[in-house]
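Asker: Coordinates for the following, if possible.
(one chain, ligands or ions: 1)
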Amino acid sequence: MAEIHLKSLAHSYSKNPSGPEDYAIREMNHVWEHGKAYALLGPSGCGKSTLLNIISGLLAPSGGEILFDNVVVNEIPPEDRNIAQVFQFPVVYDSMTVFNNLAFPLRNQKVPEAKVIAKVNEIAEILELQDVLKKKAKNLTADEKQKVSMGRGLVRDNVSAILFDEPLTVIDPHLKWKLRRKLKQIHEQFNITMVYVTHDQLEASTFADQIAVMYDGQIVQFGTPRELFEKPNHTFVGYFIGSPGMNITPVQRTPHGVLFGDTEIPLSSELNAILQASPSKNFKIGIRPEFVQVTQEPTEGSYPCEVQYEEDLGTYKVLTVKLGEWEIKAILEENAVSPTKSAYVNFPTQWLKLYIDEYLVEEALS
Ligand SMILES: Nc1ncnc2c1ncn2[C@@H]1O[C@H](COP(=O)(O)OP(=O)(O)OP(=O)(O)O)[C@@H](O)[C@H]1O
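Answerer: Residues are numbered from 1 along each chain as shown. Okay, the predicted model is just below:
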């Protein structure tokens, strides 16, 4: 088990990077603590696999340091880092039995055979592989093969961390939840640092205590699923987390708040002071569909809007309204009566977020 510390870490695949856009990992500092379960969540191409490969040692970063328990490991080869990596596609030795696949890392380390047998049986029991121990790996189903890949990481006592790179991609949907549950159980039992890469927010939030959201080579927010939902620190987190994602629109600055089209929204004096002092011109506001209120009759502080359409998603409804040119989604309870045609939209102050240069501006007391 280890704490993994990334210090001023950066990586470019280009030999002569000319700017930040040439970096797959933009300079970052981050700590994965001992024994916790983390998810690294982000869209395709944001740098997730690059980051995992740097931690495991498959890739040398162009800048910065990786420390395991305060020891710099940049020069230590992957096989000596004691990191187990489980990839999208199972890596098994097809011609070997499941038992020999699981025993392989231990026999490589010259572990006495009695201990190998005990350890393989222990892990096979946890992963429910006892019945296939004698089978050749090539005769296994995709999910059994992936369990063998995971098992190879778990058999070693001295493993510092397990890195999962989208491990459930090839697994049948109905088995996914079962394997995910198994991983969680393994984490609770072994207390190993685990980093789980995915682009699926549901997978991330069911597996991890904390999620690092990655975008464009950077970790733009690190927090619990609830923090990502309630206080998206970056417009990308607002957009990427949630279904549908956050309503976000560019706005202009006015003396008392922000303006889009003909609609002016006043801000609290604290937010307004930050807005007025900003040298930027890139301002946005955002609100999650769960917090938008749409009513047929006006309420205090509401704005007239036009109802566009409604989608029934089974357990809830999504209503789309237009305020000027801004198309806003609002989530309504399944049995709520939906407003029609000309209605009113309200943004509770607590949930209306201001973004400058794509980052959240927070009030001191929020
Ligand atoms: N070997 C390579 N040579 C050059 N560029 C690469 C290489 N591997 C990745 N990249 C680029 O680095 C960036 C990050 O890629 P990476 O594979 O780390 O992203 P990812 O988030 O894991 O994506 P995915 O979910 O699709 O695997 C992308 O722009 C990608 O095109």
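Asker: Kindly state the beta-bridge partners for the spatially closest residue to residue 322 that is not a sequence neighbour.
Answerer: In space, and not counting its chain neighbours, residue 322 is closest to residue 306: 4.7 Å by Cβ to Cβ, 6 or more residues apart in numbering. Every residue, glycine included, has its C-beta placed from N, CA and C. According to DSSP bridges, the residues that bridge with residue 306 are residue 322, residue 342.
Asker: For residue 306, report the pLDDT, please.
Answerer: Per-residue confidence (pLDDT) for residue 306: 97.
Asker: swap in the one 5 residues further on?
Answerer: According to the prediction, residue 311 has pLDDT 95.
Asker: wait, doesn't residue 192 sit right on residue 164?
Answerer: No: applying Cβ atoms under 8 Å as the test, residue 192 and residue 164 come out as separate, 11.3 Å apart.
Asker: so how many other residues sit close to the closest residue to the ligand within the stretch 51-200 of the chain?
Answerer: Nearest residue of the stretch 51-200 of the chain to the ligand (Cβ to the nearest ligand atom) works out as residue 199 at 5.7 Å. Residue 199 has 18 neighbouring residues, counting by other Cβ atoms under 10 Å.
Asker: does it really touch residue 39, like I thought?
Answerer: No: the criterion here is Cβ under 8 Å, and residue 199 misses it with residue 39 at 10.3 Å.
Asker: Identify the contacts common to those two.
Answerer: Counting by Cβ atoms under 8 Å, 6 or more residues apart in numbering, no residue touches both residue 199 and residue 39.
Asker: near the ligand, which residues of this structure?
Answerer: Neighbours of the ligand within the chain, by Cβ under 6 Å from any ligand atom: 13, 24, 42, 44, 45, 46, 47, 48, 49, 50, 199.
Asker: Make a ChimeraX selection of the buried ones in those residues.
Answerer: To isolate the buried members of these in ChimeraX, using 16 or more other Cβ atoms under 10 Å:
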select :24,42,46,47,48,49,50,199
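Asker: just to revisit the earlier point, out of residue 192 and residue 164, which sits in the busier spot?
Answerer: Using other Cβ under 10 Å, the more surrounded residue of residue 192 and residue 164 is residue 164, with 25 against 20.
Asker: Let me see the confidence value for residue 366.
Answerer: 54.
Asker: All further residue positions should be reported with the first residue as 49.
Answerer: That works, and once the first residue is 49, the last one we named lands at residue 414.
Asker: List the residues that contact the spatially most central residue of the chain.
Answerer: Centre of the chain computed as the mean C-alpha position; nearest residue by Cα atoms, centre = their mean is residue 89, 2.3 Å away. Listed by Cβ under 8 Å, 6+ apart, the contact set of residue 89 reads 245, 246, 247, 248, 249, 252, 259, 260, 261, 262, 288.
Asker: Residue 338 now?
Answerer: 290, 379.
Asker: In a helix, it, correct?
Answerer: Yes: counting by DSSP: H, G, I helix; E, B strand; the rest coil, residue 338 is found in a helix.
Asker: Can you give me the buried ones in stretch 193-207?
Answerer: 193-204, 207.
Asker: Kindly report the same for stretch 359-369.
Answerer: 364, 365, 366, 367, 368, 369.
Asker: what's in contact with the strand or helix carrying residue 320?
Answerer: Using DSSP states H and E, residue 320 sits within helix 317-325. Contacts of helix 317-325 with the rest of the structure, by Cβ under 8 Å, 6+ apart, involve 301, 303-306, 314-315, 331, 402, 404, 409, 411-412.
Asker: Quick one: buried ones out of those?
Answerer: Neighbour counting with 16+ other Cβ under 10 Å marks 301, 305, 306, 315, 331, 402, 404, 409 as buried within the contacts of helix 317-325.
Asker: a helix runs through the third one, doesn't it?
Answerer: Pointing back at residue 306 there. No: according to three-state DSSP, the state of residue 306 is strand, so it is not within a helix.
Asker: Tell me who's in contact with the nearest residue to it once chain neighbours are set aside.
Answerer: Once flanking residues are discounted, residue 306 sits nearest to residue 299: 3.8 Å by Cβ to Cβ, 6+ apart. Listed by Cβ under 8 Å, 6+ apart, the contact partners of residue 299 are 306, 307, 308, 313, 331, 332, 333.
Asker: All set now, cheers.
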